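**Q** from the sequence below, what's the structure:
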Amino acid sequence: MKKFNILFLVILFSACSETKSPNSQFTQLDQQLENSKTTNKNSLNLEATIKVIFTLDEAIKNVKDVQEYTEYLYKQDLTGVAPDVISCYQKLLPVLENLYDAEAEKEVGESVWTAFSEFGSVTAVAVNSGVQIYEGDIIRGSLNLAKAGADAMSIAGDRYKREVEVLKKIKKVKETYLEYVKFSSPIFLKYMTQWDKLCAQRDQAYISLYNSNYPKVIEFADTALELSPNDRESILLKGFALLSLNNNTISNDEQKVTKLEEIETILASYFEKFPSSTAPAFVLKGILEYQKGEIENAFTLFDEASILYPKQSEALLDLMNIFKIRGSIFRSVESEFIVKTYMSTMEGFGNFSPNFQKAIMHRNLGNNTKAIEEIKRHFFRRGNQVVQDYLPGDLNFCNKYLPTVFSEMFVERPFVDIEVSEGSIIDPKNSLRVKMTNNSNRTIENVRLFLCIHFTDSYKDNYQVFKVPDALNSLPPYSEKDYKEPLEIDYEWLGNKKIVPEDIVKLRGVIITDDIVSWIDEKGFKFQTAKDRSEEYSKLKTDLPNELISALEKSEISVDQGYVYNDITFSVPKELINLEPFVTINDINSINPIQPKSKQIDAQKLVYRFRTRVSVDNLKEIHIITKSGSMKIPIPKS
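**A** This is a model prediction of the structure:
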């Protein structure tokens with residue numbers, strides 16, 4: 001069973017005029033809570049219940065007094081919250097009244113509030129003390145929690161033992177708060193246990209979706225919905241899985257129609273239950289219409305989703321902090337899959353990007369130009385959402401599902417490099433400097449660059465994204481430019497601050513301009529990628545594609561022997577650029593392969609120039625590695 005880092009201190013308070021007495025305020029609040037209990041009697045929503053417990057409890061850390069806390073808590077929505085949880089808030093009213101009285105004397109009130117916020121962290125103390133919530137042992141968990149709360153209050157009170165007036169107020173608050181803890185602990189623990197069971201099923205649905213095992217997604221989502229029929233995430237997971245199965249595995253038209261009707265019903269229910277979180281449902285509805293052959297309807301629905309994602313971001317992501325209270329959520333590879341899939345659903349990237357879905361449709365309709373435009377729009381929308389955390393995932397999606405279209409956007413990529421180095425002595429500590437080199441014949445304008453860094457101790461292919469501070473207005477052909485401002489890295493992983501460049505395992509760049517969205521890499525990364533490809537081709541021993549053989553038949557090698565250096569020039573037709581060629585003298589996996597001193601796109605040729613002291617007699621061959629295969633061409637001897 002997972003640990004939950006939640007403070008169970010929850011306060012709800014109505015905003016009232018300054019002229020009303022405390023008693024009238026709490027009487028009105030009590031009545032308001034009673035009304036909410038009646039309204040919610042037959043409409044329990046576990047997600048809403050957990051969200052309120054967590055968010056109201058967290059608020060106490062971020063406010064300075066009762067008044068500010070009141071203003072924040074007054075805005076909370078109790079729709080769907082369990083009636084017995086609302087009863088806990090009613091039990092808290094005497095505590096609020098004592099705090100209100102303490103604030104009448106400003107200095108005393110501030111001290112009491114400080115103490116209150118400290119001993120209010122009862123559950124955090126409980127978790128830190130090793131108290132765990134075991135399934136079926138709620139009574140034991142409640143008693144342990146109450147004891148931890150009492151211990152925490154004693155510690156907070158001891159800090160003010162020499163301040164008599166403060167201590168009196170604290171004692172009064174203590175007594176009423178302890179009653180609240182004893183009453184509310186079993187209730188809160190009950191719902192946390194239910195939440196844990198729900199998460200166990202839903203997590204498996206997320207992992208199954210990540211692995212494209214759609215029948216399992218449906219199985220786990222159905223089990224989750226039995227536990228919580230109004231669970232938003234499980235409904236979306238099931239809907240997407242049904243659409244995927246409908247598109248991939250069902251050949252019988254009658255079965256397909258039946259599934260379409262089932263999906264229609266699921267989505268109609270979602271739109272009714274969650275009117276402020278409809279963006280992902282519009283994506284699913286668009287996919288559904290496309291499967292039905294209603295192309296224009298599908299485009300319209302995807303457009304609506306694109307508009308809604310930025311508008312609904314707060315409502316869609318309101319459970320992200322609740323993910324964080326589950327202690328292990330960021331400590332395993334599986335948890336990475338869960339969070340990434342959740343975020344893609346709620347932020348609109350990956351499978352849930354309306355623009356990517358439109359790009360796939362345009363590609364299928366034979367219009368690559370429009371497909372490229374939709375890819376650009378996706379990144380523009382995501383930029384307006386001020387979201388860059390899953391930028392690598394966006395590019396990987398394009399490489400996987402739109403490879404030809406995506407590569408057309410920036411065919412010059414193999415000839416544009418970045419160089420990242422440690423910041424200078426006058427730069428801020430823990431900073432990096434970046435230079436970009438354009439070896440192509442294309443002018444690149446309005447160049448924004450993001451560095452994606454894989455740090456030590458983190459999981460494979462887990463990248464943290466950092467935006468390089470300024471942009472380059474233009475990078476002309478055959479030129480290089482430094483970014484003016486250093487990039488300061490401020491990042492911790494599991495409590496450990498990462499130091500650059502020491503803690504960098506792998507680094508990649510993402511370039512975004514008015515016309516380009518693409519990976520961009522250092523020379524070392526490109527070398528290692530080519531080396532890995534060569535080793536893979538050696539194992540597979542597959543035949544070379546005709547386009548590679550045809551292009552290499554037109555290649556040219558010239559050798560200029562000098563007294564000190566030997567210059568070798570290798571050129572191939574430009575048409576080979578789509579295969580991302582990488583060239584060395586001698587086998588790339590040999591001890592000392594020679595890399596080119598320069599590379600350029602020159603008119604209709606790709607030109608690689610080498611300079612070496614090695615005797616021409618010891619230069620065996622040109623080794624060219626591409627996405628489609630590799631080949632060795634003997635170097636002619638005079």
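
**Q** number of residues surrounding residue 548?
**A** 20 (other CB atoms under 10 Å). Any C-beta I mention is one placed from the backbone N, CA and C, and that applies to glycine too.

**Q** now do the contacts for it.
**A** Contact analysis of residue 548 by CB atoms under 8 Å, 6 or more residues apart in numbering lists 576, 579, 626, 628, 629, 631.

**Q** please apply the same query to residue 95.
**A** Neighbours of residue 95 in contact, by CB under 8 Å, 6+ apart: 11, 173, 176, 177, 180.

**Q** what's the distance between residue 568 and residue 415?
**A** Per CB to CB, to the nearest Å, residue 568 is found 19 Å from residue 415.

**Q** quick one: which of the contacts of residue 95 has the most company?
**A** Ranking those using other CB under 10 Å puts residue 173 first, with 27 neighbours.

**Q** quick check: that residue is in a strand.
**A** No: counting by DSSP: H, G, I helix; E, B strand; the rest coil, residue 173 is located in no strand; its state is helix.

**Q** gap between it and residue 602?
**A** 79 Å.

**Q** returning to that earlier point: return the subset of the contacts of residue 548 lying in strands.
**A** residue 631 (DSSP state E).

**Q** turn the contacts of residue 548 into JSON lines, columns for distance to residue 586, pLDDT and neighbour count.
**A** Below are the contacts of residue 548 laid out as JSON lines (distance: CB to CB, whole Å; pLDDT from 0 to 100; neighbours: other CB atoms under 10 Å):
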{"residue": "576", "distance to residue 586": "20", "pLDDT": "93", "neighbour count": "22"}
{"residue": "579", "distance to residue 586": "21", "pLDDT": "92", "neighbour count": "19"}
{"residue": "626", "distance to residue 586": "18", "pLDDT": "94", "neighbour count": "25"}
{"residue": "628", "distance to residue 586": "21", "pLDDT": "89", "neighbour count": "18"}
{"residue": "629", "distance to residue 586": "18", "pLDDT": "91", "neighbour count": "19"}
{"residue": "631", "distance to residue 586": "14", "pLDDT": "91", "neighbour count": "17"}
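
**Q** let me know the closest of the contacts of residue 548 to residue 374.
**A** Ranked by distance to residue 374 (CB to CB), those are led by residue 579 at 25.1 Å.

**Q** pretty sure the closest one is touching residue 627, no?
**A** Yes: contact status for residue 579 versus residue 627: in contact at 5.0 Å, counting by CB atoms under 8 Å.

**Q** quick one: residue 526 from residue 519, how far?
**A** Applying CB to CB to residue 526 and residue 519 gives a distance of 10 Å.

**Q** then residue 592?
**A** 28 Å.

**Q** who's more crowded, these two?
**A** A side-by-side neighbour count of residue 592 and residue 519, using other CB under 10 Å, places residue 519 first with 18 against 9.

**Q** got the contact list for the more buried one?
**A** Counting by CB under 8 Å, 6+ apart, residue 519 has contacts 395, 413, 508, 509, 510, 511.

**Q** among those residues, which are located in helices?
**A** residue 395 (DSSP state H).

**Q** which pLDDT does the model give residue 547?
**A** pLDDT, residue 547: 80.

**Q** that one contacts residue 626, correct?
**A** No: if you go by CB under 8 Å, residue 547 and residue 626 don't touch, sitting 9.6 Å apart.

**Q** could you report the neighbour count for residue 472?
**A** 20.

**Q** so what sits opposite it in the bridge?
**A** residue 447 (DSSP bridges).

**Q** how close does it get to residue 511?
**A** For residue 472 relative to residue 511 (CB to CB), the value is 10 Å.

**Q** with residue 194 instead?
**A** Counting by CB to CB, the gap from residue 194 to residue 511 is 47 Å.

**Q** the more surrounded of these two?
**A** Taking neighbours as other CB under 10 Å, residue 194 and residue 511 compare with residue 511 leading, 21 against 16.

**Q** now the closest residue in space to that one that isn't next to it in sequence: which helix or strand?
**A** With sequence-adjacent residues excluded and distances taken as CB to CB, 6 or more residues apart in numbering, residue 511 is closest to residue 520, at 4.5 Å. Element membership for residue 520, per DSSP states H and E: strand 517-520.

**Q** each with direction, which strands does that strand pair with?
**A** When DSSP bridges is applied, strand 517-520 pairs with strand 504-512 (antiparallel).

**Q** now the strand it pairs with: average pLDDT?
**A** Mean predicted confidence for strand 504-512 is 94.

**Q** and for the nearest residue to residue 413 once chain neighbours are set aside, the neighbour number?
**A** Leaving aside its sequence neighbours, residue 413 sits nearest to residue 518 (CB to CB, 6+ apart; 5.4 Å). A total of 20 residues lie near residue 518 under the criterion other CB under 10 Å.

**Q** same question for residue 51.
**A** 19.

**Q** over to residue 462?
**A** Neighbour tally, residue 462, other CB under 10 Å: 17.

**Q** swap in residue 40?
**A** When neighbours are counted by other CB under 10 Å, residue 40 comes out with 20.

**Q** return the residues in contact with the closest residue in space to it that isn't next to it in sequence.
**A** Excluding its sequence neighbours, the residue lying closest to residue 40 (CB to CB, 6+ apart) is residue 83, at 5.6 Å. Residue 83 is in contact with 36, 37, 40, 41, counting by CB under 8 Å, 6+ apart.

**Q** hang on, the first one in a helix?
**A** Yes: looking at residue 36 with three-state DSSP, it is inside a helix.

**Q** hang on, the earlier thing: mutual contacts of residue 472 and residue 511, please.
**A** With CB under 8 Å, 6+ apart, residue 472 and residue 511 have common neighbours 444, 447, 449.

**Q** quick one on the thing from earlier: overlap in contacts, residue 547 and residue 626.
**A** residue 579.
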